[in-house]
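[1] predicted model follows, preceded by the sequence.
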Amino acid sequence: MTYKILTLLCFFTVGITFAQKRSITHDDYDLWKRVTNTQVSNNGKLIVSTIRTGTNRGDGYLQIYNTETQKKATYFNGVSSDISKDENFVIFQKPANYLTKRAEKKKKVKDKNKQKDILYIYDVSNNELYDSIFRVKKYSLPKKNSDYIVIEKFKNKKDSIKGDSLPAWKNNYALVYHLKTKQQDTIFDVKDFIIPEEGTTFYYTTKDKKNDKKAHGIYAYQTASKSKKVIDTSLYDYKKLSVDKKGDQLAYLAERDSTKTDSVPLKLFLYSENKRLPLIINEEARLGNKQTLSAESGPFFSQDGNRLYFFSKLKSEHKKDTTLTDDEIPQVDVWNWQDKVIQPRQKANEKFLKEDTRLRYFDIKKERFVQLQDDTLDGINLGGKYATKYVLGFDRKPYVLETWNIPWKTDYYSVNVASGKKQLLVKGASSSLYITLHGDYVVYFDLEAKNWFSVHLETLQKYNLTKNINVAFENEDNDVPALARAYGTGDFDKNGNLLVYDKYDIWSVSLDGKKKPENITRDGRKKKIRFRIKKLDTENRLSATYLGEKLLLSGFSEKTKTDGIYLLDDDGKRIEKVKSGSYLINGLQKAASANVLVFRKENFTTYEDVHLTTDNFDTHTQLTNANPHQKDFKWGTSELVSWKAYDGTKLEGILFKPENFDPSKKYPMIVRFYEKSADDLNYYRSPQPTYSIVNISYALSNDYLIFIPDIVYNEGQPGKDAYNCVISGVEAMEKKGFVDSNHMAIQGHSWGGYQVAYLITKTNKFKAAMAGAPVSNMTSAYGGIRWSSGLSRMFQYEKTQSRIGKNLWEGFDQYVESSPLFGLPNVQTPLLIMHNDNDGAVPYYQGIELFMGMRRLQKPAWLLVYDNESHGLRKMKNRQDLSIRLMQFFDHYLKDAPAPMWMTKGIPRTEKGINFGYDLEKQKP
């Protein structure tokens, strides 16, 4: 009897718990937070995480965790944090809370009167706030110096600061704050400042009293002595400050007063050993008569501080006719069929084209100039600290016309750093070259030869590194009509060997090809685990990471769609430290000087919070808990499903089921797709306003099934392939018995939107469909422009995603057959379209063609166009709006809910922004 009572009590308690859970609504999006940034201190003592709302409509917090004391400190709305190198302080800003900012927007408060950020300094040893400073704009903390910070402040009208040359409310000022003593020094009229990574001197400019867009002078501040020093005040303006790591050297550009006669618009100066050295005063003598210093690309120092790099640019041959007024100057783009670069592409790259630069440097010790980039080269890849004798130059001009040929080709040159002399390394390379760990080789993947190569930079000897390996290093699953790209590399092991990837395993190869290649992971292919190198050393970005002399790896299991973390010793023994089967692992970071690591793990039901390990993953501790409220909401599950397409191809997909799923019931189902998504089985799907696709967590919480099928393609028939995979997958789900076949919908965006539009011309299985930014007419889209990049769209159809594989004239029938527009008479499915007027990827008129065709044929269709939005929605107000309309649309057709007014009566232009049309039509009695 007692057992029965306890059992009934248990069931009753569980029932209450479940009853307390509720469905996610559109008003709940603001509850969900995300960890936007995590910092690990140099010696691993501190872990600082910033947690913010996913919608930015609300307030977050900053969390500081001390690994020694295991204590947390949390500060409301903390952002923009930094940890001092000595780990004694954490500096962060706190902006006004969300409601205050919203109220200021509603009242249209002027910027100068809005609440400003507060800067806080946290004392680690005492676990408390050390100091606070109000009305802060920004601050800078030296990367390798814990003595001071520089803080730029806003002023109040009421501020009256002795020594200030301008009225307080007209100008900002800077504080030099000494962390150990709290002493502050003020710099008035500050315009710009720059601090070095280490050292005790930083530099700044001050605003001109008559024109605050110009810098009146340039100064040095010595933090140890708290003294200021004038470097130069004789010229008209100072810009593009650059400092070396130690703060001993400064470079800048300057110009004379524009009213004075001077043949040199800009001058380049070096401040070194307490002397101001004019490097370029007469540009014709130093640069040649067709070159001038670049005003946009500033100078910068090499990592060792021995070279000062700077840019010259080609002088324009034409001058603007100043005798004409603006209304007398024609505004016209002239498109010429012989242009190597079409006008839209020139427009997209206008800033770059105006700055047709040449990279040069001044050797500070040898006091000589070297030009690294001549007229042949489009640019120089300096290679950071790895390029000691040679750098890489590249030239794309020979191939710039054929933008329809993918991959685009490039000629690569080695450039001798000492002399500037160049030699051709690889002609027509279809993938990037990069300099190796010790700077003596370059490596690259040849897409046509399907092998990895190295070239010795001194001898120009070329080596095929993978020719004797009987495995593919290019994408085995490539399904576009272009050469397959490589799986990539993990850069270099501790012995300098290159680590290259096949689909599953990692191979060690020597750069001179003498060592026999070795499969160091051995059984990845057999176990269907994709092993990859983890690189956590930010100072040595080409080096693989070792923990306790063992190589750190991750491994993605194709069977479980989860990650494992592994350590691999020199003998090939692999230790699984974090077992695969439960989570995806990402966000690995390591303390620079300690064995302290943080990582994030997630699955569909678990947000990717931050975890800490100090014993090489033997144990780990969860540090953050961004979304504890999730337990109060109905969620769901993700399940890997498989089936065979109509042509016999084995396929995978994801089926999402609502919480408390009952297989005896019938559920409405939304089918969402793009290309392949099964690997995303364990991604956490945060409830958020959508940019164009249905939010999975919201839909599940409101008792929908969501099905995402994988799609595989053949050349020339993208629409047919979508039908082959998607519809076969839908029918496989219907056979499970719990799908309401009379209430199904399809939805997709961009390429997915195209496939939605195509499928409704071939099947009437679906009660409704939504297509975001779809291509509807491949014949017209083929000749269009991707406005964000200025590129012709031809490459997309011939070589990449659209997969036609032929140009329009050779494959005309395939273009027509693949275009939804020509099949619209067959459509019986109500269609919601979103296509925005500033879409830079898919031409806006494609959505219009689709809508106008549906309208002409009197088929139910709606088109949502968001003002000044691009391919996917970015403004949160518009994302919220689409989320509401999208689910009202599906609720109406899949749940028989009343239709909203915007669907039945529309919204007149005169009511735009006033009447949203969300109200539902009253159901007939």
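    The structure has been received and is ready for your questions.
[2] I'd like to know how far the nearest residue to Ile696 once chain neighbours are set aside sits from Arg52.
    Nearest residue to Ile696, sequence neighbours excluded (Cβ to Cβ, 6 or more residues apart in numbering): Arg685, at 4.4 Å. To be clear about C-beta, it is placed using only N, CA and C from the backbone, and glycine gets the same treatment. Per Cβ to Cβ, to the nearest Å, Arg685 is found 18 Å from Arg52.
[3] before we move on, what about Asn497?
    Relative to Arg52, and taking Cβ to Cβ, Asn497 is found at 42 Å.
[4] distance of Ala482 from Met794?
    Ala482 sits 13 Å away from Met794, going by Cβ to Cβ.
[5] just the C-alphas of the host helix or strand of Phe352, formatted as PDB.
    Assigning secondary structure by DSSP states H and E places Phe352 in helix 350-354. Below are the C-alpha coordinates for helix 350-354, written out as PDB (Å, rounded to 0.1, in the frame of the first residue of the first chain):
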ATOM      1  CA  GLU A 350      36.200  50.800 -55.300                       C
ATOM      2  CA  LYS A 351      38.100  51.600 -52.200                       C
ATOM      3  CA  PHE A 352      40.700  48.900 -53.000                       C
ATOM      4  CA  LEU A 353      41.000  50.100 -56.700                       C
ATOM      5  CA  LYS A 354      41.500  53.700 -55.600                       C
END
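[6] show me what that helix is packed against.
    Using 3 or more Cβ pairs under 8 Å, 6 or more residues apart in numbering; DSSP states H and E, no helix or strand is in contact with helix 350-354.
[7] give the partner strands of the helix or strand just after that helix in its sheet and their orientations.
    Sequence-wise, the next helix or strand downstream of helix 350-354 (DSSP H and E) is strand 357-363. Taking DSSP bridges as the criterion, strand 357-363 sits next to strand 307-314 (antiparallel), strand 368-371 (antiparallel) in its sheet.
[8] buried stuff in the first one?
    By neighbour count, and taking 16 or more other Cβ atoms under 10 Å as the criterion, the buried residues in strand 307-314 are 307-313.
[9] just stretch 510-517 next, same as before
    Here stretch 510-517 shows 510-511, 513, 517 as buried, counting by 16+ other Cβ under 10 Å.
[10] of the residues you listed, closest to Gln39?
    Nearest to Gln39 among the buried residues of stretch 510-517, counting by Cβ to Cβ, is Leu511 at 35.1 Å.
[11] element containing that closest one?
    Using DSSP H and E, Leu511 maps to neither a helix nor a strand.
[12] gap between it and Leu498?
    Distance of Leu511 to Leu498, given as Cβ to Cβ: 6 Å.
[13] hey, what's in contact with both of those two?
    The overlap between the contact sets of Leu511 and Leu498 (Cβ atoms under 8 Å, 6 or more residues apart in numbering) consists of 436, 443, 454, 465.
[14] how far away is Val694 from Asp28?
    Taking Cβ to Cβ, one finds Val694 at 16 Å from Asp28.
[15] who's more crowded, those two?
    Between Val694 and Asp28, Val694 has the larger neighbour count (other Cβ atoms under 10 Å), namely 21 against 17.
[16] just to check, that one is in contact with Arg672?
    Yes: between Val694 and Arg672 a contact is recorded at 6.0 Å, counting by Cβ atoms under 8 Å.
[17] shared neighbours, those two?
    In contact with both Val694 and Arg672: 706, 747, using Cβ under 8 Å, 6+ apart.
[18] pretty sure Pro567 sits against Ser554.
    Rather than Pro, residue 567 is Leu. No: using Cβ under 8 Å, Leu567 makes no contact with Ser554, being 11.1 Å away.
[19] Gly548 - how many residues pack around it?
    9.
[20] Asp571 now?
    Residues near Asp571, counting by other Cβ under 10 Å: 5.
[21] regarding it, what is its secondary structure?
    Counting by DSSP: H, G, I helix; E, B strand; the rest coil, the backbone at Asp571 sits in coil.
[22] what about Val500, which helix or strand?
    Element membership for Val500, per DSSP H and E: strand 498-501.
[23] now for that strand, which elements pack on it?
    For strand 498-501, the packing partners by 3+ Cβ pairs under 8 Å, 6+ apart are strand 451-456, strand 489-492, strand 506-509, strand 529-533.
[24] want to throw those strands into CSV with mean neighbour count, mean pLDDT and distance to Asp237?
    Formatted as CSV, these follow (neighbours: other Cβ atoms under 10 Å; pLDDT from 0 to 100; distance: least, Cβ to Cβ, whole Å):
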stretch, mean neighbour count, mean pLDDT, distance to Asp237
strand 451-456, 20, 98, 45
strand 489-492, 22, 97, 43
strand 506-509, 23, 98, 53
strand 529-533, 23, 98, 48
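[25] now those strands in CSV, with distance to Lys650?
    Listed next are the helices and strands packed on strand 498-501 as CSV, based on distance: least, Cβ to Cβ, whole Å:
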stretch, distance to Lys650
strand 451-456, 30
strand 489-492, 30
strand 506-509, 27
strand 529-533, 18
